[in-house]
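Participant: Got a sequence here, can you build the structure:
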Amino acid sequence: MVRHTWRDRDEEGLIFFKATHHGGRWTLESQRKGDEEWTTHDPIKREEWEAMRDVLFRKYQRKRCPWKLIENIDKVLEKMKEED
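Facilitator: This is a model prediction of the structure:
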């Protein structure tokens, strides 16, 4: 199991993200600052996949993420592009 966390900011405030890759399947959860519950994103939207890829690519550049995870996300994005 591989878990990556990051945070982002929008007009409403700070959001924490948690992406987990386990058994070839990704799960994505988010939580606003001050909330107690995590929100599961199912299905994960294209924009969320792209944001996750961007975060993981930056982690890869710092040697904190394996390249195979980036390739996995690229395959998902390519499949989504073909379905559109």
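
Participant: contacts, neighbours, all on C-alpha from now
Facilitator: OK.

Participant: which one is the residue nearest the centre of the chain nearest to, not counting chain neighbours?
Facilitator: Centrality entry for the chain: nearest residue to the mean C-alpha point is Met52, 3.3 Å, by CA atoms, centre = their mean. Spatial nearest neighbour of Met52, chain neighbours left out: Ala19 (7.9 Å); criterion: CA to CA, 6 or more residues apart in numbering.

Participant: and the one you found, what element?
Facilitator: Remark: Ala19 resides in strand 13-22, with elements defined by DSSP states H and E.

Participant: cool, and Glu50?
Facilitator: Glu50 is part of helix 46-61 when elements are defined by DSSP H and E.

Participant: in terms of contact count, name the helices or strands touching that helix.
Facilitator: helix 67-83 (3 or more CA pairs under 8 Å, 6 or more residues apart in numbering; DSSP states H and E).

Participant: Next, the angle helix 46-61 makes with the helix it packs on.
Facilitator: Angle, helix 67-83 to helix 46-61, by axes from the mean of the first three to the mean of the last three CA atoms, to 10 degrees: 160 degrees.

Participant: mind listing what's buried in helix 67-83?
Facilitator: Buried positions in helix 67-83, judged by neighbour count with 16 or more other CA atoms under 10 Å: Leu69, Ile70, Asn72, Ile73, Leu77.

Participant: Please look at the fourth one and Arg53 and confirm they touch.
Facilitator: Yes: between Ile73 and Arg53 there is a contact under CA atoms under 8 Å: 6.4 Å.

Participant: overlap in contacts of these two?
Facilitator: Counting by CA atoms under 8 Å, 6 or more residues apart in numbering, no residue touches both Ile73 and Arg53.

Participant: any idea how far Asn72 is from Met1?
Facilitator: From Met1 across to Asn72, the span is 14 Å (CA to CA, to the nearest Å).

Participant: Tell me the pLDDT of the residue nearest to Met1 when sequence neighbours are not counted.
Facilitator: Excluding the flanking residues, the one nearest Met1 by CA to CA, 6+ apart is His22, at 4.6 Å. We have a pLDDT of 95 for His22.

Participant: can you pull up the bridge partners for His22?
Facilitator: His22 has these beta-bridge partners by DSSP bridges: Arg25.
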